[in-house]
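*Asks:* Can you look at this prediction? I've put the sequence above it.
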Amino acid sequence: MSLRAPIAPAAERREHTTRPLTWRLGWLLVGIALLVLLLGASIAVGAKAIPLDHVLPALLSPGRSDDDLVITGLRVPRTLLGVLAGAALGVAGGVIQAFTRNPLADPGILGVNAGAALAVTLGVAVFGMHDIGQYLWLALLGAVIATVVVALIGMSAREGATALRMTLAGIGVAAVLGGITSAIQLANPTAFQRMLGWSAGSLVAQPLQAAIVVAPVVVVGLIVAAIATRGLNALALGDDLAASLGSRASVTRTLAVIAVTLLAGA
């Protein structure tokens, strides 16, 4: 008598394969529907009561009335920035958690946030910058430099840039950069006041230009993160098994770091 387990029919195997995909697609559609509803609520609801029948005309053909200015000048930029920031930080967090195999990890673990904060602090304290367009490029430059430093430290060992070494290097670099940032802010009252509001963050009274400047960088970061997704799933099984599945660990880690740098920096 054969002891081998019976092989499932091809149709049954296809059903088991497509069922998770169907569930994921269904949840994606539900999430998109909820996002659209929340976008509408963010534009229609606020401190100033505006009749719902005034919202759509204000979006399609804005005028000079107070209601139109509130919707187009305050609520629309607030909503767009909220979506961009949520998408950027959410995806960056997911990527860094997969990269480090730590469900508690966040984008700051690679020193990205600390590098961005130091660059903006230098721009404010030394060059007197105060425009969102200047902040963005400074933040991205600082994030890139911090990421490169972390990568160089992580790759300095013979075994290369493992997730553990990158994490430890990121924590150390973030601590050093954070100390430098605090020292500059304490020595410069003007930079301290400006950075206090910038580091806390706010979606209130931000110009539409902020969303326009940030959006391309966030989109590029999301695309890079999507490209790295398959490799990150393989890396979760270990480097050796990932290599046997055809995944190149070094390329995947590089893409993940680039994605986190763009998303968190923006």
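*Replies:* Cool, got the structure.
*Asks:* in the stretch 51-200 of the chain, which spans are helices?
*Replies:* Ranges of helices in the stretch 51-200 of the chain, per DSSP state H, counting those that start in this stretch, are 55-60, 66-70, 76-100, 112-127, 132-154, 163-187, 189-200.
*Asks:* Out of the ones you listed, which is the most enclosed?
*Replies:* Comparing the helices of the stretch 51-200 of the chain by mean neighbour count (mean count of other Cβ atoms under 10 Å), helix 112-127 comes out on top with a mean of 23. For the C-beta atoms, the positions are set from N, CA and C on the backbone; glycine is no exception.
*Asks:* got the CA positions of it in PDB?
*Replies:* The C-alpha coordinates for helix 112-127 follow below in PDB (Å, rounded to 0.1, in the frame of the first residue of the first chain):
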ATOM      1  CA  VAL A 112      17.100  59.000   7.400                       C
ATOM      2  CA  ASN A 113      15.000  61.300   9.500                       C
ATOM      3  CA  ALA A 114      18.000  62.500  11.500                       C
ATOM      4  CA  GLY A 115      19.900  63.300   8.300                       C
ATOM      5  CA  ALA A 116      17.000  65.300   6.900                       C
ATOM      6  CA  ALA A 117      16.500  67.200  10.100                       C
ATOM      7  CA  LEU A 118      20.200  68.200  10.400                       C
ATOM      8  CA  ALA A 119      20.200  69.400   6.800                       C
ATOM      9  CA  VAL A 120      17.100  71.600   7.300                       C
ATOM     10  CA  THR A 121      18.500  72.900  10.600                       C
ATOM     11  CA  LEU A 122      21.800  73.900   8.800                       C
ATOM     12  CA  GLY A 123      19.700  75.600   6.000                       C
ATOM     13  CA  VAL A 124      17.700  77.600   8.500                       C
ATOM     14  CA  ALA A 125      20.600  78.500  10.900                       C
ATOM     15  CA  VAL A 126      23.300  79.200   8.300                       C
ATOM     16  CA  PHE A 127      21.500  80.300   5.100                       C
END
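*Asks:* tell me the average confidence for it?
*Replies:* Across helix 112-127, pLDDT averages out at 89.
*Asks:* just checking, what packs against it?
*Replies:* Under the contact definition 3 or more Cβ pairs under 8 Å, 6 or more residues apart in numbering; DSSP states H and E, helix 112-127 sits against helix 132-154, helix 163-187, helix 189-200, helix 249-265.
*Asks:* what angle sits between that helix and helix 132-154?
*Replies:* 130 degrees (axes from the mean of the first three to the mean of the last three Cα atoms, to 10 degrees).
*Asks:* hmm, who's touching helix 112-127?
*Replies:* 107-108, 129-130, 134-135, 138-147, 149, 173-175, 177-178, 180-181, 184-185, 188, 190-191, 194-195, 198-199, 260-261, 264-265 (Cβ atoms under 8 Å, 6 or more residues apart in numbering).
*Asks:* Sketch out the low-pLDDT regions of the stretch 1-150 of the chain for me.
*Replies:* When residues are selected by pLDDT under 70, those of the stretch 1-150 of the chain lie in 1-18, 133.
*Asks:* List the residues that contact residue 211.
*Replies:* Listed by Cβ under 8 Å, 6+ apart, the contact set of residue 211 reads 77, 80, 81, 84.
*Asks:* Let's see that with 6 Å instead.
*Replies:* Residue 211 makes contacts with 77, 80, 81, as judged by Cβ atoms under 6 Å, 6 or more residues apart in numbering.
*Asks:* any chance of those in TSV, plus distance to residue 36?
*Replies:* Formatted as TSV, these follow (distance: Cβ to Cβ, whole Å):
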residue	distance to residue 36
77	18
80	14
81	17
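*Asks:* Out of those residues, flag the one nearest to residue 22.
*Replies:* residue 80 (31.6 Å; Cβ to Cβ).
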